[in-house]
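Asks: I would like to see how this sequence folds:
(2 chains)
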Amino acid sequence: MSRSPVRESVTTIGRDGTRRFLQPAIVIGAWWRARRLVAWLLIAFFALLPWIEVGGFPAVFLDVEHRRFHLLGATLGLGDVWLLFFVITGWGFLIYATTALLGRIWCGWTCPQTVYLEHVFRVVDRFFEGDHVSRAKLDAEPWSRPAKFLRRGGRALAYLVLCWAVAHIFLAYFISIPGLYPMITAAPQAHPAAFVAMAVATGVLFFNFWWFREQLCLIICPYGRLQSALIDDDSVIVGYDEKRGEPRGKAAPGVVAGDCVDCRRCVQVCPTGIDIRQGLQMECVACTACVDACDDVMTKLKRPAGLVRYASLRELAGGRTRFLRPRTLLYAALLTVGLIVATVSLLRVQPAGFKLSRPPQTELYVVSADSVANVFRAKIQNKDDVERRFFVEAEATGTRLTILNQSAGLIIAPQAEVTLPLTLLVDRRDYRGEFNFTLRLRSDDGKVSVLQKAHFIGPDPRTLAR
Amino acid sequence: MRPSPMQDDEQPVIMPHSYDGIQEYDQSLPNWWLFTLFASIAFAFVYWLANFTTGTLPDDRVALDAELAALEARQLAAVKDLDEATLWKMSRNPTTLAEGQAVYAGLCFSCHGPKMEGIKGVGFRLNDDLWVHGNTGMAVFRNINEGVVFDGKPTGMAAQKALGAGRVAAVTAYLLSFQQQGRMQAIDRTKEPSQLTP
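Replies: The predicted model follows:
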């Protein structure tokens, strides 16, 4: 490897803007083994989750078509989508909090981009095209050589099959395995939308893993770009112990040298093409490849490992990492608040939906000989998997409110929705002007109790006086 | 760092100018990034040609009309076989009546009263033989399906979308089950309002 990375420009982008492909070497070390184990577990988790059934539905089934979301046995409707707020903010917050403590653990260990690229697609690379030296050689060869054509073609084919499989698993989260299987066995034109989604997903994945690779982390990923705001001197990062390593080079009589022998192994193995010895850089996804590489060299030289290691900037400067600091304490406090609110919200999710609106093209209110009437349209959704009998009742207010014919209740099939008009009557003698009231949707088994506030519209009571 | 042969080549160039003491590197954007810019400009031009100039792309309005027409055709197909005789026959069929009663109890009661006695100012009574908007089974069916205009204003009845033609037919049959064929009387509410009090 002849080029040396510089901090001021991106190694994978040439001066003229052309893409430069890296062929990083592989070092099988302790961190690499641990990361591979995590990656396999994550891939297995992703691939198996759609097959596991909880309460008659897949454990995670985002049924977009029917606007129902099955999560670990719970069924959420479109009206519960606001709970996504907790998922999205919680996820982001967790990543931020982890970053403050442990740096880009997410990138190096769990991000799908790293997991699939490092532990699936680079394995394919090595299988078809050999180690980094022969891959670089193959890059330089002309396409007219059949060896290159065969090797790279075989690799592309393997990529395509893998991307195709991942796309199918991804799709299974939205249409479930029982929904996916008939689509796989049927002709593509029988389910054009699903087929196009699958084909596009396959294409995007192929492009990403074949060509785009680290460009996603360097230029597209917003998380990577936020690092300078998320990491401080006490965050544990992958860092080079400059005090121990410098000055680098070979010790000789009269030449003082640190532990770094400048073998450039850490640069060779870097998947984003940086030199970790230049300090913390935005491109570093904390994959620990350089840690393994350096430890390997240090062990061979019979020097202590850990010249490149997980350490905070403060520790590398000779201090001690402080894990308890205002930032982490604040994160912990906010996380606790968020968890409590999310749990309470989740527990309060009702297996039924209840919405009130006024039907279009009707009078706002009707005054008859003995009552004032408002007509509402109630949308009642049974989100559960069992049939229920529902009742709508008026909560006690200052004004006595009668709902016409609700005594029998309304039986709604599982996962069904019924729109029903509700006529609310107030006796003219009780009517004291417009008022707010609350309706309660209740089920006969007591599992449902949803409140809905509304406003009763009527004339000025003085106009009703006889 | 030990300089390598290519290193000078790799060192980024600093632009000669300096503003307020701030200088900048002369770095290229990635070509793939620039490509997205040029590709979207090209796409905009193609889209403008196809959608606004030559009209090669299908018009949204045409697609909407086609879909609405298909919907109407489906509904018409469901209604096609329906005639007066069928409705009256349905009105004596217990299965149909059970369905019609369920529809009535779920929907119609709120304006026409639980016992079809009507709610003054909201909905006419339906348990007598006086009919304002047509005195045939088909007229009742059409009224439920499409709604009626009352005092110059459409009412909220048009139930075709909510129920579908099948259930509208069922609830029509349910109403007819309280009537005798040929005995439904047409009435002009402007002339005989007294007869309409629920």
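
Asks: Where do the strands of the stretch 1-150 of chain A begin and end?
Replies: Per DSSP state E, counting those that start in this stretch, the stretch 1-150 of chain A carries strands over the ranges A:53-54, A:57-58, A:60-63, A:68-71, A:74-77.

Asks: quick one: which of the ones you listed is nearest chain B?
Replies: For these, the distance to chain B is smallest for strand A:74-77, at 19.4 Å, taking CB to the nearest CB. To be clear about C-beta, it is placed using only N, CA and C from the backbone, and glycine gets the same treatment.

Asks: Who are the packing partners of that closest one?
Replies: Using 3 or more CB pairs under 8 Å, 6 or more residues apart in numbering or on different chains; DSSP states H and E, the elements in contact with strand A:74-77 are strand A:68-71.

Asks: The strand it packs on pairs with which strands?
Replies: Strand A:68-71 has the following sheet partners, assigned by DSSP bridges: strand A:60-63 (antiparallel), strand A:74-77 (antiparallel).

Asks: what sits up against that strand?
Replies: Contact with strand A:68-71 is made by A:54-55, A:57-63, A:75-78, A:80-81, A:383, A:415, as judged by CB atoms under 8 Å, 6 or more residues apart in numbering or on different chains.

Asks: Single out the most deeply packed of the strands of the stretch 1-150 of chain A.
Replies: strand A:57-58 (a mean of 22; mean count of other CB atoms under 10 Å in any protein chain shown).

Asks: How far does that one sit from its chain's centre?
Replies: For strand A:57-58, the gap between its own C-alpha mean and the chain's C-alpha mean amounts to 20 Å (CA atoms, centre = their mean, to the nearest Å).

Asks: Then stretch A:318-335?
Replies: In terms of CA atoms, centre = their mean, the centre of stretch A:318-335 is found 25 Å from the chain centre.

Asks: ditto for stretch A:426-442
Replies: Relative to the chain's own centre, stretch A:426-442 is displaced by 46 Å; criterion: CA atoms, centre = their mean.

Asks: closest one to B:Tyr19 among the strands of the stretch 1-150 of chain A?
Replies: strand A:60-63 (51.4 Å; CB to CB).

Asks: Just the C-alphas of the closest one, formatted as CSV.
Replies: Taking Å, rounded to 0.1, in the frame of the first residue of the first chain, the C-alpha atoms of strand A:60-63 are listed here in CSV:
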residue,chain,number,x,y,z
VAL,A,60,-42.7,-8.6,14.6
PHE,A,61,-45.1,-8.1,11.7
LEU,A,62,-45.5,-4.6,10.4
ASP,A,63,-48.7,-5.2,8.4
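
Asks: how about low-confidence regions in the chain?
Replies: With no chain named, the answer covers chain A. A:1-3, A:360-363, A:405-408, A:466 (pLDDT under 70).

Asks: that's the wrong chain, I wanted chain B
Replies: In chain B, residues with pLDDT under 70: B:1-10, B:75-79, B:121, B:150-156, B:161-162, B:190-198.

Asks: how's it carved up into domains?
Replies: B:30-80, B:82-196 (automatic domain parsing).

Asks: out of the ones you listed, deepest packed?
Replies: domain B:82-196 (a mean of 17).

Asks: quick one: that one to chain centroid distance?
Replies: With CA atoms, centre = their mean, you get 23 Å for domain B:82-196.

Asks: re the thing from before, now tabulate the domains of chain B in TSV and tack on distance to chain A.
Replies: Output for these, formatted as TSV (distance: least, CB to the nearest CB, whole Å):
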stretch	distance to chain A
domain B:30-80	4
domain B:82-196	4
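
Asks: A:Phe149: which of the ones you listed is closest?
Replies: Per CB to CB, nearest to A:Phe149 of the domains of chain B: domain B:30-80, 24.4 Å.

Asks: Ends of that closest one, what's the gap?
Replies: Separation of the first and last residues of domain B:30-80 by CA to CA, to the nearest Å is 64 Å.

Asks: so who does B:Ala50 touch?
Replies: B:56-57.

Asks: just the strands in chain B please.
Replies: B:13-14, B:25-26, B:130-131, B:149-150, B:153-154, B:185-186 (DSSP state E).

Asks: Name the surrounding residues that touch the last one.
Replies: Residues outside strand B:185-186 that contact it (CB under 8 Å, 6+ apart) are B:129-131, B:134-135.

Asks: can you rerun that using 10 Å?
Replies: Strand B:185-186 has contacts (CB atoms under 10 Å, 6 or more residues apart in numbering or on different chains) with B:128-136, B:139, B:179, B:195.

Asks: Look through chain B and tell me its longest helix.
Replies: helix B:60-80 (DSSP state H).

Asks: Report all helices and strands that that one contacts.
Replies: helix B:137-146, helix B:160-163, helix B:165-176 (3 or more CB pairs under 10 Å, 6 or more residues apart in numbering or on different chains; DSSP states H and E).

Asks: and A:Thr402, backbone torsions?
Replies: phi -110, psi 130 (degrees, to the nearest 10).

Asks: So what sits opposite it in the bridge?
Replies: Bridge pairing for A:Thr402 - DSSP bridges - gives A:Leu425.

Asks: got a list of what it touches?
Replies: A:371, A:373, A:394, A:423-427, A:430.

Asks: For it, give its distance to chain B.
Replies: Distance of A:Thr402 to chain B, computed by CB to the nearest CB, to the nearest Å: 12 Å.

Asks: Repeat that for A:Gly338.
Replies: Relative to chain B, and taking CB to the nearest CB, A:Gly338 is found at 36 Å.

Asks: centre of the chain versus the helix or strand hosting that residue, how much separation?
Replies: For A:Gly338, the element it lies in under DSSP states H and E is helix A:326-347. With CA atoms, centre = their mean as the basis, helix A:326-347 stands 19 Å off its chain's centre.
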